[in-house]
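> turn this into a structure:
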Amino acid sequence: MGKPYSVDLRKRVVAAIKGGMSRNQAAKHFGVAISTAINWMKRVDETGSVAPGQMGGHKPKVISGDHAVWLSQRIRNDDFTLRGLVAELAGRGLKVDYHSVWDFVHAEKLSFKKKRGGWRTRSSRRGASARPVDKVSRSRRS
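Residues are numbered from 1 along each chain as shown. A predicted model of the protein is given here:
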């Protein structure tokens, strides 16, 4: 992610615009995009400051508190699908997306993976089933 422009440059562009220069002229003079100069002036009009807003930071988890306790008990007690849990949480008044529930389930180490042990013994979905090893025909070459 890029860094914000310096406050000094922002102040000079805004001062030039307030001094009578158009936004386009100021942007070209100071080497910034026209939309940048326009947005800086809009920011000054709305907040009175040219300081940049916060970039990045930590966003708290949506599923926390009572909802987290309920969800972990729900997962431990009965079978579930992630989409079903999203719907149940919506019914309880918490709007979450699939990814939030997935993150919660995996962070709590409550995900369920099917065992792959019997995958070779199943019949093929294409054509006839495989023959037992002792019934394999020999090569026709002699």
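
> domains of this structure?
7-47, 65-108 (the TED database).

> show residues contacting the helix or strand where Ser35 lies.
For Ser35, the host element (DSSP states H and E) is helix 34-47. The contact list for helix 34-47 (Cβ atoms under 8 Å, 6 or more residues apart in numbering) reads 5, 10, 13-14, 17, 23-24, 26-28, 30, 49-50. (Each C-beta comes from the backbone N, C-alpha and C, glycine too.)

> which ones among these are found in strands?
Per DSSP state E, strands hold no members of those.

> filter those down to the buried ones.
Buried subset of the contacts of helix 34-47 (neighbour count, 16 or more other Cβ atoms under 10 Å): 10, 13-14, 17, 23, 26-27, 30, 50.

> torsion angles phi and psi at the most centrally placed residue in the chain?
Closest to where the C-alpha atoms of the chain average out (Cα atoms, centre = their mean) is His99, at 7.2 Å. With angles defined as degrees, to the nearest 10, His99 sits at phi -60, psi -40.

> ok, back up a step: tell me which residues in the helix holding Ser35 are buried?
In helix 34-47, counting by 16+ other Cβ under 10 Å, buried: 36-37, 40-41, 43-44.

> what comes up buried for stretch 52-72?
For stretch 52-72, the neighbour count (16+ other Cβ under 10 Å) marks 62-63, 67, 71 as buried.

> coming back round to it: only alpha carbons, please: show the very next helix or strand once past the helix holding Ser35 as PDB.
Using DSSP H and E, the helix or strand that follows helix 34-47 towards the C-terminus is helix 66-77. What follows is helix 66-77 as a C-alpha-only set of coordinates in PDB (Å, rounded to 0.1, in the frame of the first residue of the first chain):
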ATOM      1  CA  ASP A  66     -22.400 -13.600  23.400                       C
ATOM      2  CA  HIS A  67     -22.500 -14.500  19.700                       C
ATOM      3  CA  ALA A  68     -19.100 -16.200  19.900                       C
ATOM      4  CA  VAL A  69     -20.100 -18.300  22.900                       C
ATOM      5  CA  TRP A  70     -23.400 -19.300  21.300                       C
ATOM      6  CA  LEU A  71     -21.800 -20.200  18.100                       C
ATOM      7  CA  SER A  72     -19.100 -22.300  19.600                       C
ATOM      8  CA  GLN A  73     -21.700 -24.200  21.700                       C
ATOM      9  CA  ARG A  74     -23.900 -24.600  18.600                       C
ATOM     10  CA  ILE A  75     -21.000 -26.100  16.600                       C
ATOM     11  CA  ARG A  76     -19.900 -28.500  19.300                       C
ATOM     12  CA  ASN A  77     -23.500 -29.800  19.900                       C
END
